[in-house]
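how does the following fold in three dimensions:
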Amino acid sequence: SGLVASLAMTQVWQLMLLWGVVIGLGTGMTALVLGATIAARWFAARRGLVVGILTASVATGQLAFLPLLASLTDHYGWRIALGLICVMLGIAAFAVLMVMRDRPSDVGLRPFGDEGTEPLPAPPSKTTPIMAAALGTLRDASKSSVFWILFATFFICGASTNGLVQVHLIPMCLDFGIPQVQAAGLLAAMGIFDF
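Residues are numbered from 1 along each chain as shown. Predicted coordinates:
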């Protein structure tokens, strides 16, 4: 919804609200959380590998879309590039709704690596509001030193990668005479090494 609403923005405050708050919150609540949820539900073995692959898919998307989006923006404007993103996300969401299921048991499967033969238990019913459950889990996890080590590493990575490189690389390239589309290609190349 934040991306679609962005197509109509005309003021800087709208950019800050939509991209800084709405899209930022949406991305933060889905990206790594979704990957961890899929890994926990669908895989009994190799969960770390699955989370790594899903996380690396961000770099794959960066590699595939950044040069194209930069070229579209350069030739036709940012609204066309953003419209393409909205269409691609709509297609992806439709595909997920048609094909994906919440759990392997929904399609008569066991999680990958689960060699058990007994029937899988039904998922526990949730009576706690989701926000209370999330904050309670955060409270419990924050008591662990492992949580704080992971927090610090993700903070540093997010601040350096998202906060500095992804935001400032293309404008810096322009300062050095590298055209926008080539600069986007450089950022996409970084995605190859990230993967």
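
can you pull the contacts of the residue nearest the centre of the chain?
Note on the chain: the residue nearest the mean C-alpha position is residue 31, at 3.2 Å, using Cα atoms, centre = their mean. Counting by Cβ atoms under 8 Å, 6 or more residues apart in numbering, residue 31 touches residue 58. In this view, the C-beta of every residue, glycine as well, is placed from N, C-alpha and C.

and the longest helix seen in the chain, how far out from the chain's middle?
Ordering each helix of the chain by length in residues (DSSP state H) puts helix 47-76 first. What separates the centre of helix 47-76 from the centre of its chain is 10 Å, taken as Cα atoms, centre = their mean, to the nearest Å.

name the helices or strands packed onto it?
helix 23-42, helix 78-99, helix 180-194 (3 or more Cβ pairs under 8 Å, 6 or more residues apart in numbering; DSSP states H and E).

follow-up on the earlier one: and the pLDDT for the residue nearest to the centre of the chain?
For residue 31, the pLDDT comes out at 75.

before we move on, what about residue 1?
89.

any idea how far it lies from residue 15?
Distance, residue 1 to residue 15, by Cβ to Cβ, to the nearest Å: 15 Å.

who's more crowded, those two?
The neighbour comparison of residue 1 against residue 15 (other Cβ atoms under 10 Å) goes to residue 15, with 12 against 9.

what's the local residue count around residue 39?
20.

of all the helices and strands packed on helix 47-76, which one is nearest residue 59?
helix 180-194 (3.8 Å; Cβ to Cβ).
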